[in-house]
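> can't give you the sequence, but here's the structure:
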C-alpha cells in the first residue's frame, strides 16, 4: 500500500465516523439538521478522496473524455439535487425520498453491470465477484422500479389503492424466481446475458411488489426500499473494492431495516403482511356515515375558539390532512397564540402520521414548532386524560378507537388515545375514510365536535377568532 492509498483509507475512516455520528444525531429533531450536515460533509470528503484515488490508481485508466463525463455528471447531479431539494414542498418529501431511493439503487446496479462489462472475457471470474454482482443488480433493480412505483403512488400518478390483477401474486413470485435463477446462472457461467436476466427479474419484481401496496402501508414501504438501496450500495462496494461504499451502504441498510421494523410494529402488522399488500384504499374525501345510526356533532369556528381560549392544556394531533393542505405553519401559529395566553400545548406524533417515517416531525420543524412540544405516541398518550381539548387536524386511522377491538382492518394497531381527552375537536373536510377504508368511531363520540373545513382555512379562521377573544 502506498502512502497516498493509506491517506485515502484514513479519509474513508473519517467519513465513516461522520456517517455514524450523523445517524446518531438524526435520532432527535433538535439535532437532526446538524446530523444531516455532518454526514453530508463526510460524503463530500469521501467523493473527493475517491476521485483522487481513481486518478492515481493503476487499476483504472480514465481518459480525458472520461474525466469530462465524470465532471459533467457530477455537476448535473449536484445541480439537480440542489434544485430538487430547494423546490420540493414538505408535503412532497416522501416522493423525493422515493426518487432518491430509485436513483441510489439504480446507480448501484449500473456500477455492477459496468464492472462486469469491463472484466468479462478478460479475467477469470469467481464466485467472490459474481455473487455480489448478481445481488447488487437484483436488489438495485428491485429498488429502482419499486421506488418509481412508490413515488408515482405518492404523487397521485398511480392509484394509492392496492392494484392487483388475476395471477398478480404468481407473476410477482415468478419474477423473483427469474431474478434468483439469473443470479445462479451468473455464478455458474459468468456472462452479461445472465446479468440481463437478473435485471429483468428484479425490475419486474419491484413493480409487482409495490403495486399491491395500499396507502396505509406506504410509510413502511418507503423505509424498506431505503434499506434495499443501502444493501445495493454495499454490494456495489464489494464489486469495486471500495470500503466507504460498503460502510455507507451497510449503515443505510441496517438503519432502514430497523426503522422498517419499528414502523411495522407501530401498525401492528408484520413486514410479510405489508409486502403481500392489500391494506389501504387511498385518502377518500367523499362523505361517509360513521356506523349505523351514529350521529356527529358539528362545531363552528367560534365554538372551537371559545373552547381553546378557556382550556389550560391542549394537545394538537396532526395527520396527513394537515400535510396535504400545507397547514403546518398555521398549526405553529395557533400553538404560539395559545402559549402566549398561558395554555400548555403539545403535539401528539404518531409514527405513521405522515406518508414516510418522520414526515410530520419535519413538517412541524419547518413551521418552527419548538422541539419540546413534539411528543411521540408512547410519551403523549398518558397526557390525554388530563387534556382539556384534543384538536385533531386531518388525522384519521391513527385516532380510531376501533383499533382496540378485534375483527377489523386496524385491530391491534397502536393509536393515539384522543378519545380520553375531556373535549375533542376534529378539523376535516368531510367524514371520508382514511387509508384503511374504515369509519372512524371517534367522530361519533359525544365529546367530539366536527369542524368541517380544509385544514389551512380552518386553522386560519381559528387563529383569527382566538385573537378576538384575547382582545
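Perfect, thanks for sending it. Since this is a predicted model, take the numbers as computed values, not measurements.

> show me the contacts for the nearest residue to residue 319 once chain neighbours are set aside.
Leaving aside its sequence neighbours, residue 319 sits nearest to residue 395 (C-beta to C-beta, 6 or more residues apart in numbering; 2.6 Å). C-beta here means a position set from N, CA and C on the backbone, and glycine is covered the same way. Neighbouring residues of residue 395 by C-beta atoms under 8 Å, 6 or more residues apart in numbering: 317, 318, 319, 320, 321, 322, 350, 353, 416.

> SS state for residue 392?
Following DSSP: H, G, I helix; E, B strand; the rest coil, residue 392 is assigned to strand.

> nope, residue 190 is what I was after
coil.

> Quick one: neighbours of it, just the number.
Counted by other C-beta atoms under 10 Å, the residues lying close to residue 190 total 22.

> Distance-wise, check it relative to residue 182.
Distance, residue 190 to residue 182, by C-beta to C-beta, to the nearest Å: 12 Å.

> which residue sits closest to residue 337, ignoring its sequence neighbours?
Leaving aside its chain neighbours, residue 337 sits nearest to residue 466 (5.5 Å; criterion: C-beta to C-beta, 6+ apart).

> Pretty sure that neighbour sits in a helix.
Yes. Under three-state DSSP, residue 466 sits within a helix.

> From what I see, residue 152 and residue 160 are in contact.
No. With contact defined as C-beta atoms under 8 Å, residue 152 does not count as touching residue 160 (9.7 Å).

> ok, these two, which is more surrounded?
residue 160 (21 against 17).

> Quick check: that one touching residue 218?
Yes. Counting by C-beta under 8 Å, residue 218 is a contact partner of residue 160 at 7.4 Å.

> which residues in the stretch 351-471 of the chain form strands?
374-376, 389-393, 424-428, 448-452 (DSSP state E, counting those that start in this stretch).

> Out of those strands, the one nearest residue 302 is which?
Among the strands of the stretch 351-471 of the chain, strand 448-452 comes nearest to residue 302, with 10.6 Å by C-beta to C-beta.

> Mind listing what's buried along the closest one?
Residues of strand 448-452 classed as buried by neighbour count (16 or more other C-beta atoms under 10 Å): 448, 449, 450, 451, 452.

> Which two among those are spaced furthest apart?
Farthest pair in these, by C-beta to C-beta: 448 and 452, 12.5 Å.

> Output the contacting helices and strands for the helix or strand of the chain with the lowest mean pLDDT.
Lowest by mean pLDDT, DSSP states H and E among the helices and strands of the chain is helix 271-276, with a mean of 75. Applying 3 or more C-beta pairs under 8 Å, 6 or more residues apart in numbering; DSSP states H and E, we find helix 271-276 packed against helix 218-240, helix 243-266.

> What lies in contact with the next helix-or-strand element following it?
Remark: after helix 271-276, the chain's next helix or strand is strand 297-298, criterion DSSP states H and E. Contacts to strand 297-298, defined as C-beta under 8 Å, 6+ apart, come from residues 446, 448, 449, 450, 451, 452.

> and the two most separated of those?
Using C-beta to C-beta, the pair of the contacts of strand 297-298 lying farthest apart is 446 and 452, separated by 18.0 Å.

> pLDDT score assigned to residue 122?
Residue 122 carries a pLDDT value of 69.

> quick one on the thing from earlier: closest one to residue 25 out of the buried residues of strand 448-452, please.
Proximity of the buried residues of strand 448-452 to residue 25 (C-beta to C-beta) peaks at residue 451, which lies at 38.3 Å.

> shouldn't that closest one be in contact with residue 301?
Yes. Between residue 451 and residue 301 there is a contact under C-beta under 8 Å: 7.0 Å.

> Which neighbours do these two have in common?
By C-beta under 8 Å, 6+ apart, the residues touching both residue 451 and residue 301 are residue 458.

> rewinding a little: take the contacts of strand 297-298 and lay them out in CSV including pLDDT and distance to residue 461.
As requested, these are exported to CSV (pLDDT from 0 to 100; distance: C-beta to C-beta, whole Å):
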residue, pLDDT, distance to residue 461
446, 93, 24
448, 95, 19
449, 95, 14
450, 95, 15
451, 94, 9
452, 93, 12
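
> Pick out the residue nearest the middle of the chain.
residue 356 (3.0 Å; C-alpha atoms, centre = their mean).

> ok, that one - contacts?
Contacts of residue 356 by C-beta under 8 Å, 6+ apart are 93, 94, 97, 218, 219, 222, 223.

> again, but for residue 467
Residues near residue 467 by C-beta under 8 Å, 6+ apart: residue 337.

> With residue 275 instead?
209, 213, 224.

> so residue 239 makes contact with residue 133?
Yes. Using C-beta under 8 Å, residue 239 is in contact with residue 133, at 5.5 Å.

> Find residues that contact each of the two.
112, 115.

> Could you chop this structure up by domain?
As assigned by automatic domain parsing, the chain contains the domains 91-282, 297-470.

> could you dump those domains to JSON lines with distance to residue 34?
Supplementary listing: the domains of the chain in JSON lines, determined by distance: least, C-beta to C-beta, whole Å:
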{"stretch": "domain 91-282", "distance to residue 34": "17"}
{"stretch": "domain 297-470", "distance to residue 34": "12"}
